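K.L.:
The sequence isn't on hand, but the structure is:
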C-alpha cells in the first residue's frame, strides 16, 4: 500500500500592527511567523513567565514565545502588540 502524505496544516492570514499582511500555517510559532513578516515582537524570558512578548490576537492576549498560530474563526487574525508600562 502506498504511503499517504500527511495533510499540510491549514494556513491563516495574519494582519500585523504595521498594516502588513502575511500567512502562516496553523500551529506555527508566533515568533517565527513574526520574524518571517519582518515584525519584531519584544521578548524577555522566552519561557512565558515575564509577559514581554504578549500580543493581542483578535481580542485574546497570548504570550508569543509559548503560543502557536491558531486556526482563525474569522478570515484574518488581527495582531496587536500588547503594551506593558513596565517594559
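P.N.:
Thanks, I have the structure now. From a predicted model like this one, the values you see are computed outputs, not experimental measurements. Numbering: from 1, shown residues only.
K.L.:
Pull the residues that contact the helix or strand hosting residue 32.
P.N.:
Counting by DSSP states H and E, the element that carries residue 32 is helix 30-36. With C-beta atoms under 8 Å, 6 or more residues apart in numbering as the test, helix 30-36 has contacts from 14, 16, 22, 24, 40-41, 43, 53, 55, 62, 64-65, 67-69. Backbone N, C-alpha and C define where each C-beta goes, glycine included.
K.L.:
at 7 Å what do you get?
P.N.:
With C-beta atoms under 7 Å, 6 or more residues apart in numbering as the contact definition, helix 30-36 has outside contacts at 14, 22, 24, 41, 55, 64, 65, 67, 68, 69.
K.L.:
quick one, what contacts residue 69?
P.N.:
So residue 69 contacts 12, 24, 26, 27, 28, 30, 33 (C-beta under 7 Å, 6+ apart).
K.L.:
What segments of the protein are strands?
P.N.:
11-15, 21-25, 54-57, 60-63, 76-81 (DSSP state E).
K.L.:
Now do the first one: distance to the chain's middle.
P.N.:
Right, the one you point to is strand 11-15. 9 Å (C-alpha atoms, centre = their mean, to the nearest Å).
K.L.:
Thank you, goodbye.
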